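Enquirer: Please find the sequence and the predicted model below.
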Amino acid sequence: MTSDSAEGQARWSPTLYNAKHSFVWERGADLLPLLAAQAGERILDVGCGTGHLTARIAAAGARVTGIDRSPEMIQEARKSYPDLEFAVADATDFHFDEPFDAVFSNAALHWVREPERVAECIRSALKTGGRFVAEMGGKGNAAKLAAALRRARASLGFPVPEGGAPWYFPSLGEYAALLEAHGLEVTFASLFDRPTPLDEGEAGLGNWIRMFSWAFTNGLSAEEQTELIRRVEAPLRGEFFRNGVWHVDYRRLRVVAWKRAQAES
C-alpha cells in the first residue's frame, strides 16, 4: 500500500519488493490462520502489494479480490496471478457493490495517515457478521531505526519529516477504540515485539531505507543517500547486525474485529 504522498507513490518498485523484501509477506503468512479463510467466502485483501498473500488466501478456496493504491504493484500481481482479481484502489476510498465475508490486511495500513476513513471503508465493505483481520506496525515500531534516520538526516543539514516519521503506528488501545467507534467490535488485539531479519545480508538495511523511507531520503542525491545510510548503520550495527544479517526493531499490532448487526446504520 503506498503512502499518501506523490513522492511515495513514485518510489514503489515491485521488482525490488519481490527480490529484496520477501519478509513482508513471508512473516505475514502467520496471520492467515487468524483469518481462517473458508471455501466459498468472499474476501478483500487491502494493500495486497504484489499479491503473494492474496494467492495464499485463494488457495483455501476463497474468492479473493486484492486492492492496492500502487498501479505498479497491481500490474505485477496480475502478472504473477492472472487467475485472481486485483484492482487499483485507495484504502481510504473504495467501494464494492457486493459485501465481503472478511477484509484482510497485512503490513499496509501503517502507511495510511487517515485511519478513520480506512475504518469506515472496511465497515462498509463487510456484510453483517463479517470480520476484519489485520496486522500493521504498532506503537514503537522501528523506533530506534526511525530515531537514527532523523539524526542522520539532520546531520546532513536536511529537515526531518513533519511529525518525525511518515507512518501511523497506533497503540493497541488507540486502534481498538478507533475501530469500535466505526462500528467494528474488536474481539482480539495483540501488540508484540518482532525483531525482523532483512534480506540481502550487509545490504539489507540500505535496501530497507531506500524502499520504505522516502520521507528521509527525499531531496537527497544518490551520494547523499549513501552517506545517510552509512550514518544510520554505524550507531545501529552493534545491536541490529547479527550473524551477517540486519534486523529491524519491529513491533506488530494484530486485530480481529467483527461487524455486528447493531453496528448497521
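Expert: Sure, I can see it.
Enquirer: Need the mean per-residue confidence for stretch 52-60.
Expert: Averaged across stretch 52-60, pLDDT comes to 96.
Enquirer: With just CA atoms, put it into CSV.
Expert: The C-alpha trace of stretch 52-60 is given here as CSV (Å, rounded to 0.1, in the frame of the first residue of the first chain):
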residue,chain,number,x,y,z
HIS,A,52,1.5,-13.2,-2.7
LEU,A,53,-0.8,-13.5,0.4
THR,A,54,-3.8,-12.9,-1.8
ALA,A,55,-2.9,-16.1,-3.6
ARG,A,56,-2.5,-18.0,-0.4
ILE,A,57,-6.0,-16.9,0.7
ALA,A,58,-7.3,-18.0,-2.6
ALA,A,59,-5.7,-21.4,-2.2
ALA,A,60,-8.1,-22.1,0.7
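Enquirer: If you count neighbours, what's buried in it?
Expert: For stretch 52-60, burial by neighbour count (16 or more other C-beta atoms under 10 Å) applies to 52, 53, 54, 55, 56, 57, 58, 60. Heads up, the C-betas are built off the backbone N, CA and C, glycines and all.
Enquirer: The second one and residue 32 touch, don't they?
Expert: Yes. Judged on C-beta atoms under 8 Å, residue 53 makes contact with residue 32 at a distance of 7.2 Å.
Enquirer: returning to what we had before: turn the buried residues of stretch 52-60 into TSV, columns for distance to residue 137.
Expert: Shown next, in TSV, are those (distance: C-beta to C-beta, whole Å):
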residue	distance to residue 137
52	19
53	17
54	20
55	23
56	21
57	21
58	26
60	26
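Enquirer: Dump those residues into TSV; add distance to residue 181 and secondary structure as well.
Expert: Output for those, formatted as TSV (distance: C-beta to C-beta, whole Å; DSSP: H, G, I helix; E, B strand; the rest coil):
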residue	distance to residue 181	secondary structure
52	32	helix
53	28	helix
54	29	helix
55	33	helix
56	31	helix
57	28	helix
58	32	helix
60	31	coil
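Enquirer: from the residues you listed, which is closest to residue 228?
Expert: residue 52 (29.7 Å; C-beta to C-beta).
Enquirer: what ranges do the helices span in the stretch 101-250 of the chain?
Expert: Assigned by DSSP state H, counting those that start in this stretch, the stretch 101-250 of the chain shows helices spanning 115-125, 143-155, 172-181, 204-212, 214-217, 222-240.
Enquirer: Need these in a markdown table (columns: distance to residue 249 and mean neighbour count).
Expert: Output for the helices of the stretch 101-250 of the chain, formatted as a markdown table (distance: least, C-beta to C-beta, whole Å; neighbours: other C-beta atoms under 10 Å):
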| stretch | distance to residue 249 | mean neighbour count |
| --- | --- | --- |
| helix 115-125 | 22 | 20 |
| helix 143-155 | 5 | 18 |
| helix 172-181 | 18 | 16 |
| helix 204-212 | 12 | 21 |
| helix 214-217 | 16 | 22 |
| helix 222-240 | 7 | 15 |
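Enquirer: Got the domain ranges for the chain?
Expert: What automatic domain parsing lists as the domains of the chain is 1-137+170-195+251-265, 143-166+198-248.
Enquirer: Which of the ones you listed comes out lowest on mean pLDDT?
Expert: domain 1-137+170-195+251-265 (a mean of 88).
Enquirer: Tell me the one among the buried residues of stretch 52-60 nearest to residue 172.
Expert: Using C-beta to C-beta, the buried residues of stretch 52-60 come closest to residue 172 at residue 53, 22.8 Å.
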